[in-house]
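J.: Just a sequence and a predicted model for now, questions to come.
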Amino acid sequence: MSLLPLFDASLLGRAAQPALEFGGVALTFGDLEARSNRLAHTLRARGLKPGDRLAFFLQNRVDVIDLWLAGVKLGLIVVPVNVLYRERELKHILADAEPTAVVTSSDMAGFLPAGVTVWDVDVLAAESAPAPAERAAVAATSDTPLSLIYTSGTTGASKGAVLTHGNFAANGHALVTEWRFTERDRYLATLPLFHVHGLANGIHCWLFSGCHLRLTERFEHAKAAEWFGEYRPTVFFGVPAMFIRLLEMPADVARAIGARLRLAVSGSAPLPAEIHEKFRQLYGSVILERYGMTETLMNVGNPYEGERRPGTVGKPFAHVQVKICDEAGATVPDGTTGELWVKGPNVCSGYWRRPEASAAAWRDGWFQTGDIGERALDGYITLKGRRSDLIISGGFNIYPREMEELILEQAGVREVAVVGAPDSVRGEVPIAYVVVDAAKFDEAAVTAHLRSQFASFKQPRAFVRVDALPRTALGKVQKRLLPPWKG
């Protein structure tokens, strides 16, 4: 199925209903239908045709939604680009995707490499204003490509996942159903729309359900109390770094927010169990953690009704098959660690112009995620980290997340990342990079506690203090950018 008929329940069926607010501007679903139709006519007049790539390099604004809807209607392949990327990253993505143009704003155009065709978003909007408001659309199927979304590139050059109408449709329908979205909901959207979390989850849940949306340019913790107080959302999607900042909220304010917040979803990076519990105590609301990827959208989630188990990502969604395999591809018993493999209509059709990478990632119809996890007897899945993060020390496997969880519980530790460093005897040894409150952090006490909890081969060879951990725009730690350990 293509996406447009699913959007039409709101764009056409709720045309007079308030849809969103952004920067003091309020729009109905009918307004969004007309705006995206006008833009579609303009893009077609500029020569775009089905299958052409159109990139955007924009902060959150209503124009991003207009572009996405116009792309759906015209059969374009939309390429969202991370606004934090700079020359090397931008050159790679734009050379790989070869978009007809990049839509951006005047203040960001200077970051784009020379030779790229740039369309100013405000000029495009002005040009679209007098265009016809009647729909311009082409037919699409579930297999029609809709977007190239590039992986975060935490271990190398990013790859473009080819996501289809069917991928987005299956994902959106599952989330609206699983998370009980209705048109009575109020969704505070602070996640970047260049990422699948904010776009494929947030925007699509909004359009599928017809709820109300308040869009912000970005998350700003200093404004969070004001936003939550004024807008009174029932739904909020965030990443762990956002929930950590929300723990700074005064207790009475947090409790009032939590009383109205029926759904707080965390994803895009692991949520420490300690943060899960602190948020529950402060807000009286239990975070729902889930697990997805750029290539697969959503795979696994804690239940809406039932136990939202701290430290786990829950159970597979109804449309997704998940198995945990050893290095030979054999399914391992519950309680055993292995790599998560997934299959379903949510999984992308492959990597853009990367047949070798696609062949390596799929086996017998299953996508090999590269994520290491373990399934409990009752079906809950716990992630242990990326396969590429695995530390092998003296022949023993060490999963960094297990250590990071415990270190983060210690007094004075704000952030932690455990990585493997070369060692002439053991091959690799674990090193803990920490961001600490120096007045509260007692390295000797932390070391003693770890020795009481973990085998000797898991003990960090050193604690390296850093001012901050390098992260992607969605808060995922980029371990390859940590300074080398000089032991």
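T.: Structure's in. What do you need?

J.: Can you name the element that comes right after the helix or strand residue 10 falls within?
T.: Here residue 10 sits within helix 4-11, counting by DSSP states H and E. Reading on from helix 4-11 to the C-terminus, the next helix or strand found by DSSP H and E is strand 18-22.

J.: Report the buried residues of that next one.
T.: 19-20, 22 (16 or more other C-beta atoms under 10 Å). (Each C-beta comes from the backbone N, C-alpha and C, glycine too.)

J.: Ok, stretch 110-118 next?
T.: For stretch 110-118, burial by neighbour count (16+ other C-beta under 10 Å) applies to 112, 116, 118.

J.: With stretch 200-217 instead?
T.: Buried residues in stretch 200-217 (16+ other C-beta under 10 Å): 200-216.

J.: re the thing from before, counting by contacts, list what the helix holding residue 10 packs against.
T.: Packing partners of helix 4-11 (3 or more C-beta pairs under 8 Å, 6 or more residues apart in numbering; DSSP states H and E): helix 29-45, helix 62-74, helix 165-178, helix 204-209.

J.: So for residue 395, what pLDDT did the model give?
T.: On pLDDT, residue 395 comes in at 65.

J.: correction: residue 269
T.: Here the pLDDT value assigned to residue 269 is 78.

J.: circling back: can I get the buried residues of strand 18-22 in JSON lines with distance to residue 303?
T.: Output for those, formatted as JSON lines (distance: C-beta to C-beta, whole Å):
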{"residue": "19", "distance to residue 303": "29"}
{"residue": "20", "distance to residue 303": "29"}
{"residue": "22", "distance to residue 303": "32"}
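
J.: ok, those vs residue 324, which is closest?
T.: The nearest member of those to residue 324, counting by C-beta to C-beta, is residue 20 at 40.1 Å.

J.: Now do the contacts for residue 317.
T.: Contacts of residue 317 were listed using C-beta atoms under 8 Å, 6 or more residues apart in numbering, and they are 174, 178, 298-301, 346.

J.: ok, what's across the strand from the closest residue to residue 466 other than its chain neighbours?
T.: In space, residue 466 comes closest to residue 433 once its chain neighbours are excluded; the distance is 5.4 Å by C-beta to C-beta, 6 or more residues apart in numbering. Beta-bridge partners of residue 433, counted by DSSP bridges, are residue 417, residue 464.

J.: can you tell me the distance between the two ends of stretch 192-200?
T.: 11 Å (C-alpha to C-alpha, to the nearest Å).

J.: strands paired with the worst-scoring helix or strand of the chain on mean pLDDT, and their directions?
T.: Lowest by mean pLDDT, DSSP states H and E among the helices and strands of the chain is strand 396-398, with a mean of 74. Partners of strand 396-398 in the sheet, by DSSP bridges, are strand 391-393 (antiparallel).

J.: can you list contacts of the strand it pairs with?
T.: With C-beta under 8 Å, 6+ apart as the criterion, strand 391-393 contacts 397-400, 418-420, 423, 426-430, 457.
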